[in-house]
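Engineer: Sequence first, then the predicted structure:
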Amino acid sequence: MSSGGSVSRSMVRRAARLGGSAERVVTRIAKPARNLGFPYRKPTVPKGVEVPPAPAKLGADYDTTWARKAPARAARTVITRGPLRVFTRLVARPEVLGVDRLDDLIARGDDAPPVIFTPNHHSHLDTLLMVEAVPEPWRSKLIIAAAADYFFTTRTKSAAAALTLNALPIDREVTGRKSSDMIRDLIDDGWSLVIYPEGGRSPDGWGQEFKGGAAYLSARTGAPVVPVFIDGSGAIYGKGMKRPKPGHTKVVFGAALRPAEGENTRRYNARIEAAVTALGDEALTDFWTARQRAARGSSPKLTGPEYNGWRRQWAIAEQRKLGAAAKRRRQRRRWPDLG
Amino acid sequence: MPRPGFVLEVDRSTPPLLFWRGENFSLEKLPAGRSRVIYPPEPLPAIDDIDGAIVHALLNPIDSDPLPAQLFPGMKLTIAFDDVSLPLPKMQSPDTRQRVIEAVLDMAAAAGVDDVHIIAALGLHRRMHEYELRHALGDRIYDAFHPRGMLYQHDAEDHDNLAVIGTTDHGEVLEINKRAADSDLVVYVNINSVPMDGGWKSITTGLASYRCLSVHHNGETLQNTRSLMGHRKHSALHTSIWRLGQVLRDHGPKLFQIETTLNTDMFPKPFDFISKREWEWNAKDRATYLATTKSLNRMPVRAARKIFHSIESPHQMTSIQAGETSAVHERTLEHVYRQQLVPVEGQTDILTLGIPFVCPYNPDGIMNPILVMCMGLGYLFNMYRNKPLVREGGVIIMTHPTYREFHPVHHPSYIDFFEQVLPDTTDPVVMGHKWEKQYAEDEWYRHLYRTGNAYHGVHPFYAWYWGAHGQQHAGKIIIVGGDPPTVRRLGFTPASTMDDAFEIASDVVGRAPTITHLHVPALLVADVT
């Protein structure tokens, strides 16, 4: 008993000694850290001095230059051709049509001019589909115009968008001179652009009117516009959906458009919208029907019927039956087992 | 909108302040309650369309005919330009001089002018290296004019190519470059970094001979130059130069002065923290500061110097005006003061100055001890209007390593000046009378100036004279962190830390002196009332 007691006392003493030396070490390490002031710590502000707010580095001011450098491009190639491609194919099963309309440009290889792709926009999937569907030589030098107020609100989101999609922040309220200058410079450097002329995802499944940004940029840079219609993405992961419902999509490319002599931006924009509308009709019907209706000016509008309310919603369901969304495999009903 | 400069009263929550120490920095704490810091105004925005502004200035000059109207076939046109001493650090390409001279040459070509000479207005400064000429003028001008001998550097010792224009009523002789004197039109392209530059000083010093310069570049004149950067009437130097300017205007060639001003955006990333106010340093600035100072401490000075001299400033043109010299210069001064002036009330007992790695006389060279004195007492002390920031008899404290090192190619006569003249006297007037002639007429120095890249033999005297007023005004001058024997040779007192310096200063200014710190960069002129 007595020997056991002395052992435990010596262990306690040893533990106390160890504890003491650990405390001394910690104090020694912690002391200089505690004493360190500016510049190791934030500076204090003198009285009566106002510190101006730090200049914005997010939103439209986020600098994405790094994402176009070689290491980021290499990483992006791995990401887009690996996990993103698998995800897109599993979830959206894209069918790509109309690429042959760009053959003349594609045949030029590295000399192909940079182009501006103008798809309609129903879902975040549209960008993945574009990254997947855009043919070379443009795919490897593709930038995506992304809403600055959505994708570039935090550092992490901004970096992720810039790295994985080569997204470029665009202020969707006003196309500032800074943004358009930057895009012009990038196009001059050989980068192609995906820009959604509708300015955002469709809120109700129907399209929205085209804004003039793409037409303006094309007129300013001389880069041709390639109209694109994406069908089915809204039914898979439309605005407001919490998770994607896998299904089928169709990506239809149109022939490249260039501003006509003396054509103003508004008319050019209307022409781009008409081209996307015609492609939409083609995606839901067939080429000849779509051409005929386009010639008559009776292509179904992207923006849907004029009326509001439930009939508009009803009409979208009817329209989806014609498109890629109709191919969705119906979920197997599971009837309750009533014994 | 850039913020104006201001005076910060140091309190207990003021963080330590950035001081230059040659090719490094330090953060120094100044006593709360009796210290103040003068912060320069933020850089003004640059002109939107610089090339357009240049053409506009040439077509709409002040008190003069448009430049194209003064150009005609068969004429002799001379274009002179400021040398490598401006701007500091050197500006990112394209340099202002290149832009302006190209515009002038465009007009000369359109007018059919064949006889064009372009001359670097060096005065007694060192000849520019080829890479410096190419940087200032661009490859297009250099390649077109230099091989044909139409681009060259002024030689103040080439007596066959100097011409006397006249003499002032004070007996000052104006002798300038003969080609300029014989020209039908001299176009001078200036960069006005500080209010001291420009005006009649451009040609009457840049294209002048030693005989002409020695009239006003001497100890007596500089001691009586009570405001080098302020009102001209308080500057004996400028009064003399303006008299020479009248002679030039009345008897010299036709002139067309082009003056430009720059903003004070002096350091590019990652060194931009130098220009920031310390309490606005973010984590990146602090990390850059720590990384920079720690690595510079461990680096040979030569490597650090190489890094600093390779910096190219992002500063840009804020104004350009052309035409009649006096009228142009008045407009230029307005722009310089708009960028640099900071109102300050009263003088203090002590002025503290961080001395950087460069001054106008060591671009791409070594900041030797004489230039430390020149930069501190000649330039930074003089950055005031009306009266100095430190009271007469007060103390000036500078921070610089003040190593005993000289650039053997650029500053050969400085070495002898340090070894021969300074041990004898540090009084500018005495040394001027006793030693100046010997250095000015030394054949070896003359040879190095004319054929190599050396400053003229007399230049260390001029650098010393530049600080004459500050030296006379201050009761004591202390250099913190300087090599003690070298600092003593300059006639100053060495101190190892800022606290030591304040302790040493207490002999002169008492135990609780008031202190002003001039926060450089950027450039500022304190308007002291």
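Structural biologist: Perfect, thanks for sending it.

Engineer: C-alpha from now on. contacts and neighbour counts both.
Structural biologist: Will do.

Engineer: Might you enumerate the residues of the stretch 201-350 of chain B proximal to chain A?
Structural biologist: Counting by Cα under 8 Å from any Cα of the partner chain, the stretch 201-350 of chain B comes close to chain A at B:278-283, B:286-287, B:289-290.

Engineer: Can I get those residues in CSV including secondary structure?
Structural biologist: Formatted as CSV, those follow (DSSP: H, G, I helix; E, B strand; the rest coil):
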residue, secondary structure
B:278, helix
B:279, helix
B:280, helix
B:281, coil
B:282, coil
B:283, helix
B:286, helix
B:287, helix
B:289, helix
B:290, helix
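
Engineer: Narrow these to those that are buried.
Structural biologist: B:278-282, B:286, B:289-290 (16 or more other Cα atoms under 10 Å in any protein chain shown).

Engineer: so where do the strands sit in the stretch 51-200 of chain A?
Structural biologist: A:94-97, A:116-119, A:142-147, A:167-170, A:192-194 (DSSP state E, counting those that start in this stretch).

Engineer: Show me what the first one is packed against.
Structural biologist: Spelled out, that is strand A:94-97. Counting contacts by 3 or more Cα pairs under 8 Å, 6 or more residues apart in numbering or on different chains; DSSP states H and E, strand A:94-97 is packed against strand A:249-253.

Engineer: Let's see that with 10 Å instead.
Structural biologist: helix A:125-133, strand A:225-231, strand A:249-253 (3 or more Cα pairs under 10 Å, 6 or more residues apart in numbering or on different chains; DSSP states H and E).

Engineer: The shortest one: how far from the chain's middle?
Structural biologist: Mean C-alpha position of strand A:249-253 versus that of the full chain (Cα atoms, centre = their mean, to the nearest Å) differs by 17 Å.

Engineer: now swap in the first one and tell me
Structural biologist: Taking Cα atoms, centre = their mean, one finds helix A:125-133 lying 9 Å from the centre of the chain it belongs to.

Engineer: Repeat that for stretch A:149-157.
Structural biologist: Centroid displacement of stretch A:149-157 relative to its chain, using Cα atoms, centre = their mean, is 11 Å.

Engineer: can you check stretch B:211-229 too?
Structural biologist: 15 Å.

Engineer: if we can go back for a sec, now the residues of the stretch 201-350 of chain B next to chain A in JSON lines, with distance to residue B:526?
Structural biologist: Formatted as JSON lines, these follow (distance: Cα to Cα, whole Å):
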{"residue": "B:278", "distance to residue B:526": "20"}
{"residue": "B:279", "distance to residue B:526": "22"}
{"residue": "B:280", "distance to residue B:526": "23"}
{"residue": "B:281", "distance to residue B:526": "24"}
{"residue": "B:282", "distance to residue B:526": "28"}
{"residue": "B:283", "distance to residue B:526": "31"}
{"residue": "B:286", "distance to residue B:526": "28"}
{"residue": "B:287", "distance to residue B:526": "31"}
{"residue": "B:289", "distance to residue B:526": "27"}
{"residue": "B:290", "distance to residue B:526": "30"}
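
Engineer: Could you save the helices and strands packed on strand A:94-97 as a markdown table and add columns showing mean neighbour count?
Structural biologist: Shown next, in a markdown table, are the helices and strands packed on strand A:94-97 (neighbours: other Cα atoms under 10 Å in any protein chain shown):
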| stretch | mean neighbour count |
| --- | --- |
| helix A:125-133 | 22 |
| strand A:225-231 | 26 |
| strand A:249-253 | 26 |
